[in-house]
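> Build the 3D model from these lines:
(one chain, ligands or ions: 1)
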Amino acid sequence: MNCLPTKCPEPETIDIPAIRAKYRQERDKRLREEGQAQYVKLSGDVVENYAADPHQPLIEREPLHEEIDVAVLGAGWGGIMASYYLAKQGISNFRNIDTAGDFGGVWYWNRYPGIQCDNDAYCYLPLLEETGFLPSKKFSDGAEIQGYCRQIAETFGFAERALFHTQITSLIWDEGIKRWRVGTNRGDEILARFVIMACGVLNMPKLPSIPGIDSFKGKMFHTARWDFSYTGGSYAKPELTKLADKRVAIIGTGATAIQAVPHLAKYAKQLYVIQRTPSTVDERPNPPTDPDWAKSLQPGWQAERQGNFHRAAMEAFAPGEPDLICDIWTEIARNMQAELEAEGWPQLTMEQFLGKREVIDYRVMERLRERVAQIIDDPETAEALKPWYRHLCKRPLSSNDFYPAFNRPNVTLIDVSATKGVEAMTEKGFIANGQEYEVDCMIFASGFEVTSELERRWGIDTVQGRGGVSIYDHWRGGPLTLHGTMTHGFPNQFYIGYYQGAANASVTEQFGKQGLHIAHIIGETLKRGAKAVETTKEGMDAYVHRFLELEPDMSAFQDECTPGYFNNEGEKKPKWALFRSWGPGWSDFQTMLKEWRDKGDLHGLKLED
Ligand code: NDP
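Numbering: from 1, shown residues only. Model prediction:
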């Protein structure tokens, strides 16, 4: 079916200077001087049961003492994709090691009611052509995704060897044996030739450091550790019946909260939704997979679809290119394409192109604000829920049930933007805008540590390379890599995630290509009979230099955005920005890496026997 451009308010009805001023005013209202330091690491002291796995019991086992080829740190998408490519290289002596009780990563831990992927599942779920699996609908439920994670591990033969409920506590390079000594909280001592750090991006829940948080006597939990024993219901059947006599507050209105709120609204006696910044929430058609469409798919369809999605979300559609995704992620590119088409594809400078795109952005955001007013009965609540920032300052969302929840008599929106967050917590509840609200339960949908210091996110006490150097010191100023996957001084160690590579709109595709590249280097190292591979200092420096030279300057856009994890809470010159990416783009980066691999000289690397 042809995906048409959306109907948005006409440009002449939009006062762009006034909207720009409003965007700045709303950003300034929320900008906090301490930036990311406003968050504290989640710990068992504040939120009970954080360290324990609420989903699966821990199974006792004897400590392992063994030598393996590769330790893959993580069994989420990063670890799964690395393992898939290791298996394809014919390497089988490896283990995924994870604190969770199964494969899945975020999809293992996050089991809050309503959890669904809000990216097109036919792009997001990787390896669909290799496994023959098709998601049951456009936006998969969390359980379907977690089940598919396990299915991949079983299909490609690495499920059995995984070590779950195992926290890596130390990683120390032993020069004498040219292996990594992997220590764990289960007393294991694993001597791994190679380690792949696939620790995840949304693995570490975070908490706002609210004054008095320790004094609250009621129940508290983070959405990534949903406590069904308290709320009632289960992951499979989220009927939260135990909340019928409870006053509940949820902090946050991001991707997680907007999915959980409709369920809480249905079951809780009273629900307070505490909002600092509203999300953009579009409608969410979620049709089941059409069997006729499935039958019509030709080999190569998934890569084509992922490419189409990536161009729409992060670049632009080419003339005549259909929008295969057709949702809030692709709307601006689609509308832009239609406009350029109507104008006969004029030659535009980059500045003209971006200027045109900006106007379309304002029009789309205006459409989304009008949507709020159409659905919400109470004008004051509607006004507070309108997002005032540019598209992609925050993750665009969709839900058919979030806004209607505010029309229920038991649901109240508490806008805490004036105080840049919740003012305080007390024994009985929380304080907002000078008023105390008594609650029985406080749920934190407050997100994850995405760009904080690396040791907080990896959660491994000791990571020591050559000469006992800690990677946390080595990267104190941010990552230094060759191709975003290796660093000098840390032989046989590889990284999957957002370091210094290229970003793709489908994170699983990005992790997959990183896994492919890493598995290639490991395979070559083993084939050539070497014990260690390391990027030379010159190789790394040359790549870092080129990366920085080509890196686009996003600061003008990001500085104007409302704070959040997309722009490092408004911090300037951040070390660990999420969207630092190879300037010439995804395809250019993949071509460069493929040529590098095909050449076969492992340029920039040094092998050791
Ligand atoms: P987010 O970081 O997106 O949202 C956190 C929320 O907590 C924000 O609304 C934030 O407000 C609010 N908050 C933080 N501190 C305070 C405070 N002191 N007072 C009041 N409010 C506060 O986390 P999510 O878990 O919602 O989502 C994280 C990411 O996880 C998503 O962007 C997405 O990548 C992924 N995800 C994907 C899903 C999917 O595909 N369906 C589902 C869920 C998550 P503010 O905006 O003002 O900072």
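
> can you list the residues of the stretch 51-200 of the chain near the ligand?
The stretch 51-200 of the chain comes close to the ligand at residues 116-119, as judged by C-beta under 6 Å from any ligand atom. Bear in mind the C-beta positions are built from the backbone N, C-alpha and C, glycine included.

> I'd like those residues laid out as CSV, including pLDDT.
As requested, those are arranged in CSV below (pLDDT from 0 to 100):
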residue, pLDDT
116, 97
117, 96
118, 92
119, 95
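
> Now which of these would you call buried?
Among those, those classed as buried by 16 or more other C-beta atoms under 10 Å are 116-119.

> shaky segments in the stretch 451-600 of the chain?
Per-residue confidence for the stretch 451-600 of the chain (pLDDT under 70) gives no ranges below the cut-off.

> Ok, the chain next?
Residues of the chain meeting the criterion pLDDT under 70: 1, 44-50.

> Now do the helices for the stretch 151-300 of the chain: every range, in order, please.
Here the stretch 151-300 of the chain has its helices, by DSSP state H, counting those that start in this stretch, at 228-231, 255-267, 291-296.

> closest to the ligand out of these?
helix 255-267 (3.4 Å; C-beta to the nearest ligand atom).

> In terms of secondary structure, what does the closest one contact?
Secondary-structure packing of helix 255-267 (3 or more C-beta pairs under 8 Å, 6 or more residues apart in numbering; DSSP states H and E): strand 247-251, strand 270-275, helix 402-405.

> What is the distance between the longest one and the centre of its chain?
Computed by C-alpha atoms, centre = their mean, to the nearest Å, the chain-centroid distance of strand 270-275 equals 25 Å.

> can you check the last one too?
Put simply, helix 402-405 sits 24 Å off its chain's centre (C-alpha atoms, centre = their mean).

> switch to numbering from 806
Noted, 806 is the first residue going forward, which turns the last one into helix 1207-1210.

> who does it touch, helix- and strand-wise?
Against helix 1207-1210 (3+ C-beta pairs under 8 Å, 6+ apart) you get helix 1060-1072, helix 1155-1180.

> May I see these organised as a markdown table, with distance to the ligand added?
Output for the helices and strands packed on helix 1207-1210, formatted as a markdown table (distance: least, C-beta to the nearest ligand atom, whole Å):
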| stretch | distance to the ligand |
| --- | --- |
| helix 1060-1072 | 3 |
| helix 1155-1180 | 16 |
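
> highest average neighbour count across those helices?
helix 1060-1072 (a mean of 23; mean count of other C-beta atoms under 10 Å).

> Would you mind listing what in the stretch 1306-1414 of the chain touches the ligand?
So the stretch 1306-1414 of the chain meets the ligand at 1369-1370 (C-beta under 6 Å from any ligand atom).

> Mind doing that once more with 5 Å?
Selection of the stretch 1306-1414 of the chain residues close to the ligand by C-beta under 5 Å from any ligand atom yields residue 1369.

> rewinding a little: between the helices of the stretch 956-1105 of the chain, which one is closest to residue 825.
helix 1060-1072 (26.1 Å; C-beta to C-beta).

> Contacts for that closest one, please.
Helix 1060-1072 is contacted from outside by 915, 917-921, 923, 1028, 1036-1038, 1043-1046, 1048-1049, 1053, 1055-1056, 1058, 1076, 1078, 1084, 1086, 1200, 1202, 1204, 1206-1207, 1209-1210, 1213, 1215-1216, 1248, 1250, 1252, using C-beta atoms under 8 Å, 6 or more residues apart in numbering.

> quick revisit: now render the helices and strands packed on helix 1207-1210 as a markdown table, adding distance to residue 1098.
A markdown table is the format used below for the helices and strands packed on helix 1207-1210 (distance: least, C-beta to C-beta, whole Å):
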| stretch | distance to residue 1098 |
| --- | --- |
| helix 1060-1072 | 26 |
| helix 1155-1180 | 27 |
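
> Quick one: closest of these to residue 1226.
Of these, the one closest to residue 1226 (C-beta to C-beta) turns out to be helix 1060-1072, at 14.3 Å.

> Return that closest one as PDB; C-alpha atoms alone will do.
Presented in PDB, the C-alpha positions along helix 1060-1072 are these (Å, rounded to 0.1, in the frame of the first residue of the first chain):
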ATOM      1  CA  ALA A1060       8.900   5.500  25.900                       C
ATOM      2  CA  THR A1061       8.500   3.200  28.900                       C
ATOM      3  CA  ALA A1062       6.000   5.300  30.900                       C
ATOM      4  CA  ILE A1063       3.600   5.900  28.000                       C
ATOM      5  CA  GLN A1064       3.300   2.100  27.600                       C
ATOM      6  CA  ALA A1065       2.800   1.400  31.300                       C
ATOM      7  CA  VAL A1066       0.500   4.300  32.100                       C
ATOM      8  CA  PRO A1067      -2.700   3.000  30.400                       C
ATOM      9  CA  HIS A1068      -2.400  -0.300  32.500                       C
ATOM     10  CA  LEU A1069      -1.800   1.600  35.700                       C
ATOM     11  CA  ALA A1070      -4.600   3.900  34.900                       C
ATOM     12  CA  LYS A1071      -7.000   0.900  34.400                       C
ATOM     13  CA  TYR A1072      -6.100  -0.800  37.800                       C
END
